[in-house]
Structures are given as C-alpha cells and as structure tokens.
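> Mind looking at a prediction? Sequence and model below.
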Amino acid sequence: MGDADERLADLFAQLTRDPDFDAEELQAHDTADQLILRSAVEDLAERPPAEPVRGADIAVIGDRHGALTLGAATLFGARGIRTHQDPLLGERALDQNAERLQLTASYAHHPLDASLLAGARVVLLQLPRGLEALAEVSEAIARWAAPEVRVFAGGRVKHMTRAMNEVLGRDFANVSAGLGWRKSRVLRAESPRDRADEPARFPKWGDDPDLDFSIAAFGATFGGPVLDHGSRLLLSTLRDVGRDPSAVVDLGCGNGVLAVSAARRFPGAQVHATDQSAAAVAATALTAEAAGVADRVAVHRADALEAVPDGWADLILLNPPFHSGAAVHAGVGHRLIRACRRALAPGGELRLVFNSHLRYRPLVEREVGPVRQLARTSAFTVLAATRAP
C-alpha cells in the first residue's frame with residue numbers, strides 16, 4: 001500500500017473544508033478516511049470479485065469534505081461514483097475540492113435511496129455519530145445494494161462503540177472489526193439480510209404532551225422524533241411575544257418542531273424552516289404536513305439564512321448546534337448568530353436557546369442588538385435580541 005498511501009497523502013494535502021465552518025484545529029480529512037480506502041483496496045486485492053469494480057459499483061456515504069469520494073476516484077481510477085452527504089456544506093466542499101483537482105467527472109450526488117445504492121458492490125462509509133443514523137444507512141444498504149456488497153465503515157476509535165457492530169449485525173450476516181491504526185478502525189459488513197419485503201424503519205414518529213402534533217425524524221435528524229429540552233424552554237417563551245409576527249424563521253430546523261409550533265402559535269405567519277441537513281429538511285416537511293401547516297412552512301436545505309431575503313424576518317428562532325462533524329466547536333453557533341442581523345427586519349427579534357455555559361450573550365449583543373434574558377435553567381438559557389432600526 002506504499003504507493004497508494006503516498007497518492008492519498010498528496011490528495012489529502014490539497015483538500016480544504018471551504019465553504020464549511022473552518023478553524024485551525026479542524027481538517028478536511030482524518031486517518032479514518034485513509035484507513036477506509038486502504039481496507040477496501042487491500043480486501044479487493046486479496047479477494048478479487050468475479051467482475052472488476054467500476055465507478056458505478058462504488059457508493060460513498062458520509063464523506064466529510066471529499067476525502068473518501070476523491071480518494072476512491074484516485075485509487076480506483078473510477079468515474080460514476082455515487083455519493084451521499086447529509087450536510088449541504090459537505091457537498092459544496094467536495095465540489096470545490098473536485099473542481100480544483102479536476103475530478104468533477106468522477107462522481108455524482110444522490111439522496112439516501114435506491115438511486116445511491118442500487119447494485120452497489122462496494123460501500124465506503126464514514127461512521128456517523130448517532131446509532132439511529134447508522135441504522136438508517138445500514139438498512140438502506142441491505143435493501144438496495146448488490147447481494148455481494150462489501151461495506152467498509154470507518155471512524156475514529158474514540159467515537160466508536162460496540163453497539164455499532166450490533167446495528168450493522170441487524171442487516172448483515174457477517175460483521176467484523178479490523179485492527180486499529182492511528183486511532184482509527186474499520187468495520188467490515190457483508191452478506192446483507194433480505195429487506196426487500198419489509199417496511200422501512202424510517203422515518204420515525206414521536207409525540208410529546210406539550211405538543212399538539214407529531215414529530216418526524218430520519219436517522220440523521222438532530223434530536224430524533226422528540227422535543228429536546230432546549231427547544232422546550234424556547235417554546236415556553238413564545239407566549240410573551242409582543243405582537244404576532246407575520247414572518248418567522250426556524251434557523252437550523254432539525255425535526256421542524258420550532259417551525260411547526262410557530263406556524264400553529266401564529267396562524268397569520270409565513271414560516272421559513274432552513275437547515276443544511278438533508279435529513280432535517282425531509283423531517284421538517286413531514287412534520288409540517290402531518291400538523292396541517294405545510295402551506296405556511298417553506299422548507300429549505302440551505303446554508304444558514306441564504307434562502308431568506310434581507311430584512312424579511314420579524315422573528316428568528318434558533319437552537320444552534322455545537323458540533324462540526326464529530327468535533328465540538330462553539331464557532332458553529334457563532335456563525336449562525338452572525339447571519340441573523342441581515343435577515344431580521346428593523347425591530348425584528350432573534351430568540352436563541354443555548355447551553356448556559358457557552359456565554360453567547362456578548363456575541364448576540366454585538367451582532368444583533370440589545371438583549372434580554374427570557375428564561376434560564378442550570379442547563380439552558382433563552383435570550384431575545386432586537387435588531388435596532
């Protein structure tokens with residue numbers, strides 16, 4: 001693998017995270033990407049398939065910023081690779097890296113469905129953080145990929161658990177773990193169980209006594225089909241909105257609980273729900289439809305507030321994430337807060353809930369306007385910030 005490792009090292013050195021959130025300590029690749037690719041190449045060399053693997057035989061899932069997709073194109077000399085990334089900024093980073101490296105013809109984007117996986121014989125997977133996300137991916141591969149598919153699922157050891165083997169074991173008869181390398185490890189899965197006649201396990205639905213509608217979620221939807229504690233606290237403050245807003249934004253909509261709650265609380269309002277996650281926007285659309293407010297909730301897969309016109313919003317609701325991939329980083333929330341002033345109308349209000357220890361108040365005051373605290377617990381704080389004229 002010496003030559004292959006050198007080629008990957010050269011490729012990885014040219015990758016960037018742009019336009020995704022970036023910081024000095026964050027990279028566009030990790031050792032799990034290299035180990036996944038190395039494991040696939042070695043396995044295919046040791047156990048050659050009956051037919052050579054072509055680009056169309058390869059599906060890539062969970063690629064962060066292009067390392068897996070472009071690495072596969074480099075090592076296999078492949079075109080027609082099918083790839084799925086839940087975050088929009090991951091897609092855009094892959095596209096920019098591919099254009100710079102003249103590899104744009106090597107792959108195509110697909111949703112997590114049959115178009116991605118039908119007939120796939122090799123699946124390269126960056127293990128997601130959550131078991132529900134892994135369960136949906138595992139089921140999809142077993143349902144649509146070729147019977148002889150080989151899955152190479154890798155991650156950083158510190159983020160992996162034995163439960164991941166068990167999740168894959170529900171859908172594959174053979175699951176094994178490779179040796180650790182540079183704090184990364186690869187799980188191999190083969191012999192998919194027949195799922196063709198079984199109903200899909202996703203989306204999942206949940207109910208909450210504080211809500212008069214049901215919540216949908218796919219595997220990668222933040223929070224799942226439940227009302228999380230931060231959103232519950234934020235919703236408790238909507239009773240004291242001074243005047244009913246006519247234009248509301250749910251920024252980072254997740255399962256859609258804030259967007260749908262606002263649409264039902266303010267029946268005259270139009271709502272924009274926006275999230276960069278494909279699983280989030282799909283869940284929000286289902287939640288809104290089931291709640292009977294789909295005609296007033298426009299759902300966008302978008303970066304921050306790029307789908308919202310300047311000065312449009314009377315009210316923005318934000319329960320910001322604090323992860324960039326597997327890394328915990330407060331800068332992700334900072335980026336969303338900074339985007340709010342442009343989209344707020346003069347006198348418009350940002351309502352923000354966050355983990356109390358993060359101390360967002362000075363940033364909110366600087367970027368949006370005067371701030372008042374609406375609620376606080378040991379875990380969460382809700383602030384309201386008004387954009388000055």
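Okay, I see it.
> and the nearest residue to S378 once chain neighbours are set aside, what is it in contact with?
The shortest distance from S378 to any residue other than its chain neighbours is 7.0 Å, reached at S356 (CB to CB, 6 or more residues apart in numbering). Glycine gets a C-beta too; all of them are placed from N, C-alpha and C. Contacts for S356 were tallied using CB atoms under 8 Å, 6 or more residues apart in numbering; they are R376, T377, S378, A379, F380, T381.
> Among these, name the buried ones.
Those of the contacts of S356 that meet the buried threshold are F380, T381, by 16 or more other CB atoms under 10 Å.
> if I read this right, L352 contacts L358, doesn't it?
No: in this structure L352 lies outside contact range of L358 using CB atoms under 8 Å: 10.5 Å.
> got a pLDDT number for the nearest residue to F12 once chain neighbours are set aside?
Distance criterion CB to CB, 6+ apart; nearest residue to F12, sequence neighbours excluded, is H29 at 4.5 Å. The confidence metric pLDDT takes the value 93 at H29.
> hang on, H29 in a strand?
No: counting by DSSP: H, G, I helix; E, B strand; the rest coil, H29 is not found in a strand; it is coil.
> So what's the residue count around it?
Applying other CB atoms under 10 Å, we find 22 residues neighbouring H29.
> wait, doesn't it sit right on T16?
No: between H29 and T16 there is no contact, the gap being 10.1 Å when judged by CB under 8 Å.
> Mutual contacts of these two, please.
The contact sets of H29 and T16 overlap at H65 (CB under 8 Å, 6+ apart).
> Next, the buried residues of the longest strand along the chain.
Of all the segments assigned as strand in the chain under DSSP state E, the longest by residue count is strand 344-355. Neighbour-count burial for strand 344-355, counted by 16+ other CB under 10 Å, picks out L344, A345, G348, E349, L350, R351, L352, V353, F354.
> contacts for it?
Here strand 344-355 has contacts from 230-231, 233-234, 237-238, 241, 245, 247, 311-320, 322, 333, 337, 340, 360, 364, 368, 374, 379-389, using CB under 8 Å, 6+ apart.
> who touches A173 in this structure?
The neighbours of A173, taking CB under 8 Å, 6+ apart as the test, are E190, S191, P192, R193.
> residues near the nearest residue to the third one once chain neighbours are set aside, how many?
Counting by CB to CB, 6+ apart, the nearest residue to P192 once its immediate chain neighbours are dropped is A142, at 3.9 Å. Using other CB under 10 Å, the number of residues around A142 comes to 24.
> Would you state the strands of the stretch 1-150 of the chain in chain order?
For the stretch 1-150 of the chain, the strands identified by DSSP state E, counting those that start in this stretch occupy 58-61, 81-84, 107-109, 122-126, 150-156, in order along the chain.
> Comparing these, which comes out most buried?
For the strands of the stretch 1-150 of the chain, ranked by mean neighbour count under the definition mean count of other CB atoms under 10 Å, the leader is strand 58-61 at a mean of 27.
> Distance check, M164 against P49.
Taken as CB to CB, to the nearest Å, the spacing of M164 relative to P49 amounts to 25 Å.
> For these two, indicate the residue with more neighbours.
Under the criterion of other CB under 10 Å, the comparison of M164 against P49 puts M164 first, with 22 against 14.
> so who does that one touch?
Contacts were defined as CB under 8 Å, 6+ apart; by that measure M164 touches L127, L131, L134, A153, L187.
> Remind me which helix or strand it belongs to.
Taking DSSP states H and E as the criterion, the element that holds M164 is helix 162-171.
> after that helix comes which helix or strand?
In the C-terminal direction, the helix or strand that comes right after helix 162-171 (DSSP H and E) is strand 172-177.
> partners of that next one in the sheet?
Taking DSSP bridges as the criterion, strand 172-177 forms sheet pairs with strand 184-192 (antiparallel).
> list the buried ones in the partner strand?
Neighbour count says strand 184-192 has S184, R185, V186, L187, R188, A189, P192 buried, by 16+ other CB under 10 Å.
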